[in-house]
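Q: sequence below, structure please.
(chains A and B)
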Amino acid sequence: MYTWIWRHLPGHVSLKLLEVLILFLALTALLFFVIFPWIEPHLPINQVTVPEHK
Amino acid sequence: MVETIEEAAPDRGPDAAPTKTWGDWVRFVLRGVGQILISAGVIVLLFVVYEVYITNYFAHEAQSKVKNELRTEIAQGNDPLGDGRLRLPGSKAPSVPDGTGIAFLYMPRLGADYAWAIVQGTNDADLEKGPGHYVGTALPGQVGNFAVAGHRVGKGEPFLNLDHLQAGDTVIVQTESKWFVYRVKGMQHNNIDSTDSDGIPGREIVSPSDGDVLDAVPDHPSDSTPTERLMTMTTCHPKFTAAQRMVIHAVLWKTYSASGLTMPAPVKALYNTQGS
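A: Numbering: from 1, shown residues only, chains lettered A, B, ... in the order given. Below is the predicted model of the structure:
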């Protein structure tokens, strides 16, 4: 997979490295601002309340 | 694109490889599995970074907004809690909109810069703004149990160091016209985990489903006539998990009347003794 991506990135090695960095940052941003906030409420890691008796 | 082919072709020979052997396929599959595992590991690490840093960033933004709003209200002499509860237009039950700042929270044990605006409500959106008041529980200073939930890791982590509290430590709640000073229970045996004569400990670790700790008389569900003015704080326990809840109970010790934003001198003096 990564070999395939590397082979298909345009430009010389230095340019490819820059592209890889940009791709990584873009993916990180996608995870941080879209995917993680979306899955987080479904994970049992950060619940701080107890049920209130009504 | 032309450049790509020119560069890539002489080095690697794109798709001109001869028929693949058995070993090639094994290598192909193993490499794929390895890459997936490494990627998954990186994603999990990024999730930790998100949980511990990124959520804090957004929570602090939200908290400073709530804080500024509450500061403005108090400076203008408006109490979001009114004399009892703010009445919403068109609503029968008096209430404060969820997510609104209602009071400031200070704990000298956790440092002079520890100051949070408590918001109304305890759903996810409320708790991302700051510690949240369980809407059905008493208000600050009232007879009964003023209960507040807060995040321990990430999301601003207002209750990160709640385990540093000791028996007798002060917990200060500032409303528009009153400063309520609570003291963490367990004082009778000078041990936060011990139970005072009213049967309520300063700290207890309970299961996530144990709503009794929020009762007007905590842990005594059958006793529905509160006499004490209590405060309860809940957060997750141990850190990073939702396996249990850490619960701190405090009892009202002193009340100071003061309007405006300035901390009354006797309250300020509590910081000299680390609040105990």
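Q: and for residue B:233, the neighbour number?
A: Residue B:233 sits with 27 neighbouring residues when counted by other C-beta atoms under 10 Å in any protein chain shown. C-beta here means a position set from N, CA and C on the backbone, and glycine is covered the same way.
Q: in which helix or strand does it reside?
A: Per DSSP states H and E: residue B:233 is located in strand B:229-237.
Q: packing partners of that strand?
A: strand B:144-149, strand B:170-174, strand B:178-184, strand B:244-257 (3 or more C-beta pairs under 8 Å, 6 or more residues apart in numbering or on different chains; DSSP states H and E).
Q: list the residues that contact the residue nearest the centre of chain A.
A: Closest residue to the average C-alpha location of chain A: residue A:31 at 2.9 Å, with C-alpha atoms, centre = their mean. Listed by C-beta atoms under 8 Å, 6 or more residues apart in numbering or on different chains, the contact set of residue A:31 reads B:43, B:46-47, B:50.
Q: show me the helices in chain B, by range?
A: For chain B, helices defined by DSSP state H occupy the ranges B:2-12, B:22-49, B:55-75, B:124-127, B:265-269.
Q: so for the fourth one, what gets flagged as buried?
A: In other words, helix B:124-127. By neighbour count on 16 or more other C-beta atoms under 10 Å in any protein chain shown, the buried set for helix B:124-127 is B:126-127.
Q: average pLDDT across that helix?
A: Mean pLDDT, taken over the full extent of helix B:124-127, equals 92.
Q: looking at the helices of chain B, which is closest to residue A:19?
A: Minimum separation from residue A:19 across the helices of chain B (C-beta to C-beta) falls at helix B:2-12, 11.9 Å.
Q: what's stretch B:63-79 in contact with?
A: Stretch B:63-79 has contacts (C-beta under 8 Å, 6+ apart) with B:80, B:99-104, B:115-117, B:119, B:129-130, B:156, B:174-177, B:259-261.
Q: for that stretch, the distance to its chain's centre please.
A: Relative to its chain's centre, stretch B:63-79 lies at 19 Å (C-alpha atoms, centre = their mean, to the nearest Å).
Q: shaky segments in chain B?
A: Applying pLDDT under 70 to chain B picks out residues B:1-18, B:82-95, B:274-276.
Q: do that again at 80, thanks
A: Along chain B, segments meeting pLDDT under 80 span B:1-18, B:80-96, B:221-224, B:273-276.
Q: and for chain A?
A: Applying pLDDT under 80 to chain A flags the ranges A:44-46, A:53-54.
Q: quick check: residues of it near chain B?
A: A:1-2, A:7-8, A:10-12, A:28, A:31-32, A:36, A:40-41, A:44-54 (C-beta under 8 Å from any C-beta of the partner chain).
Q: quick revisit: can you select the buried ones among the contacts of residue A:31 for me in PyMOL?
A: Buried residues within these, by 16+ other C-beta under 10 Å, are selected in PyMOL with:
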select buried, chain B and resi 46+47+50
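Q: quick one: residue B:20 from residue B:26, how far?
A: Taking C-beta to C-beta, to the nearest Å as the measure, residue B:20 falls 10 Å from residue B:26.
Q: likewise for residue B:101?
A: Residue B:101 sits 62 Å away from residue B:26, taking C-beta to C-beta as the criterion.
Q: who has more neighbours, those two?
A: residue B:101 (25 against 10).
Q: grab the nearest non-local neighbour of that one.
A: For residue B:101, ignoring the flanking residues on the chain, the nearest one in space by C-beta to C-beta, 6 or more residues apart in numbering or on different chains is residue B:70 at 3.4 Å.
Q: could you do residue B:50 as well?
A: Spatial nearest neighbour of residue B:50, excluding adjacent residues (C-beta to C-beta, 6+ apart): residue A:36 at 4.6 Å.
Q: A helix includes the one you found, no?
A: Yes. The assignment for residue A:36 (DSSP: H, G, I helix; E, B strand; the rest coil) places it in a helix.
Q: which residues touch the spatially closest residue to residue B:126 that is not a sequence neighbour?
A: With C-beta to C-beta, 6+ apart as the criterion, residue B:126 has its nearest non-adjacent residue at 4.3 Å, and that residue is residue B:132. Taking C-beta under 8 Å, 6+ apart, we find residue B:132 in contact with B:118-123, B:126, B:148-150.
Q: please repeat the previous calculation with a cut-off of 10 Å.
A: Applying C-beta atoms under 10 Å, 6 or more residues apart in numbering or on different chains to residue B:132 gives the contacts A:48-49, B:98-99, B:102, B:118-126, B:147-151, B:158, B:234.
Q: in PyMOL, select just the buried ones from the residues you listed.
A: The buried residues among these can be selected in PyMOL (16+ other C-beta under 10 Å) with this line:
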select buried, (chain A and resi 48+49) or (chain B and resi 98+99+102+118+119+120+121+122+126+147+148+149+150+151+158+234)
